[in-house]
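J.: Requesting a structural model of the entry that follows:
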Amino acid sequence: MTTLFSILFFIFTLVPTVAESQTADLEFLYKEGEFSVAGINDRRFCFYDHIYKSPVENNIKIKTLKHKKLLFGKMTVYYPEIGGNYPLIILSHGWGDGKAANAAMARHLATHGFVTAVFSSKKRKKPEDWLPVLSVAFELVFKEANNNSSPLFKKINFDKLGLLGHSMGGTAALHYSNIASNNISSVIALHPYNGGKGIVSKIGGENEVLGDVLISHSADSLILTGTQDTIALPEKSFAFFTGIESSKKTVFMLLASSKHNYPVEGVGNPNAGTYNSEAHKIYRMLVTAWCLATLKPEYKHSTFSAKLFSFKSFEFNLHIKPLLKSIDGKNCPAFISK
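T.: I've put the predicted structure just below:
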């Protein structure tokens, strides 16, 4: 009997320890990682500075990261200071926005061992507007990485390319990975726009040109949206999941009570959502986990990160499932993968 009580005591004291360990790993994902970060063309982004109040200390200006026809100003790049060969992730803003919206996410990802870049598109009214801009963004960073006098020289693993987009930028990200000559390995579409309602639909259209069918999709893809998105309607964003034909992993997640602008920084508005620190923490966690799982599978935290997107895993059911909510059953489920 004493032995039985001893065993039971050990089990019940072990469970909190395991949970605490998993929680610590989860915090690692939304907090800064282990890499010190340097920057190119970084600056303080006024009204977009909830997370970072000042530029990175090691910051240089490079004038060539620009395109007169397609970009406002110069691209901003973040990269780990320590030598190495890192995956590249380009982050794209949405309708009427600019690089400041994703700068904090880009800088955060760099602390986890990625080279990241943000840009401001001049043409940004319909999803198809972003396709040539994404091509230029990759070309400019590739050119800089092949310049032996650049801090990006030999920094980028060209076999591990990622693309993140918000709103119309997310729609473009999904489609660009289908047509790009470079090999996009991983895509994250945050609240991808596939049509709205009322004045939103009149201004932004219904994604008539690109559509939501993606045949022979070649990238692991995460589509992440929220139940309270009244701009990019979640049931319409879900159509991208059903429209993807791919042998790669595709995941759709619907965050409870999340609004359209919760993944980005900025002023926003009550309808689209303003910056929410707790919500942004969740997006940082999921985005970082997806990037580690798909672009750095050899990394020490990647196995745990991948389990967050495996719906039968203990990690998913403990940490992620409580954050999700269905709107209309199979028509817009809380989570689904293929």
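
J.: And the longest strand anywhere in the chain, what's buried?
T.: For the chain, the strand that runs over the most residues, judged by DSSP state E, is strand 156-166. Within strand 156-166, the residues that qualify as buried are 156, 157, 160, 161, 162, 163, 164, 165, 166, counting by 16 or more other C-beta atoms under 10 Å. To be clear about C-beta, it is placed using only N, CA and C from the backbone, and glycine gets the same treatment.

J.: how near is the first one to residue 145?
T.: Same thing as residue 156. Residue 156 sits 5 Å away from residue 145, taking C-beta to C-beta, to the nearest Å as the criterion.

J.: Also the fifth one?
T.: In this view, residue 162 and residue 145 are 15 Å apart by C-beta to C-beta.

J.: Quick check: which ranges of this structure have low pLDDT?
T.: For the chain, the stretches with pLDDT under 70 are 1-25.

J.: how about the strands in it?
T.: Applying DSSP E to the chain gives strands spanning 37-40, 59-60, 76-80, 86-92, 115-118, 156-166, 184-190, 220-226, 250-255, 335-337.

J.: So which elements touch the fourth one?
T.: Okay, so that is strand 86-92. On a contact count with 3 or more C-beta pairs under 8 Å, 6 or more residues apart in numbering; DSSP states H and E, strand 86-92 meets helix 100-110, strand 115-118, helix 130-145, strand 156-166, helix 168-179, helix 277-295.

J.: how far is stretch 140-147 from where the chain is centred?
T.: Taking C-alpha atoms, centre = their mean, to the nearest Å, one finds the center of stretch 140-147 at 22 Å from the center of the full chain.

J.: Count the residues that sit near the nearest residue to residue 132 once chain neighbours are set aside.
T.: Leaving out its chain neighbours, the residue that sits closest to residue 132 by C-beta to C-beta, 6 or more residues apart in numbering is residue 70, at 6.3 Å. The number of residues packed near residue 70 is 19, by other C-beta atoms under 10 Å.

J.: what does stretch 300-319 rub up against?
T.: Stretch 300-319 is contacted from outside by 19, 22, 25-26, 28-29, 222, 249, 251, 286, 288-290, 292-293, 296-297, 320-321, 335, 337, using C-beta atoms under 8 Å, 6 or more residues apart in numbering.

J.: Quick check on these: which are buried?
T.: 22, 25-26, 28-29, 222, 249, 251, 286, 288-290, 292-293, 296, 320, 335.

J.: about what we covered before: now the helices and strands packed on strand 86-92 in JSON lines, with distance to residue 92?
T.: Output for these, formatted as JSON lines (distance: least, C-beta to C-beta, whole Å):
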{"stretch": "helix 100-110", "distance to residue 92": "7"}
{"stretch": "strand 115-118", "distance to residue 92": "8"}
{"stretch": "helix 130-145", "distance to residue 92": "6"}
{"stretch": "strand 156-166", "distance to residue 92": "4"}
{"stretch": "helix 168-179", "distance to residue 92": "3"}
{"stretch": "helix 277-295", "distance to residue 92": "13"}
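
J.: what's the closest of these to residue 61?
T.: Closest approach to residue 61 among these (C-beta to C-beta): helix 130-145, 12.6 Å.

J.: Buried residues in the closest one, which are they?
T.: The neighbour-count check on helix 130-145 (16+ other C-beta under 10 Å) flags 130-138, 140-142, 144-145 as buried.
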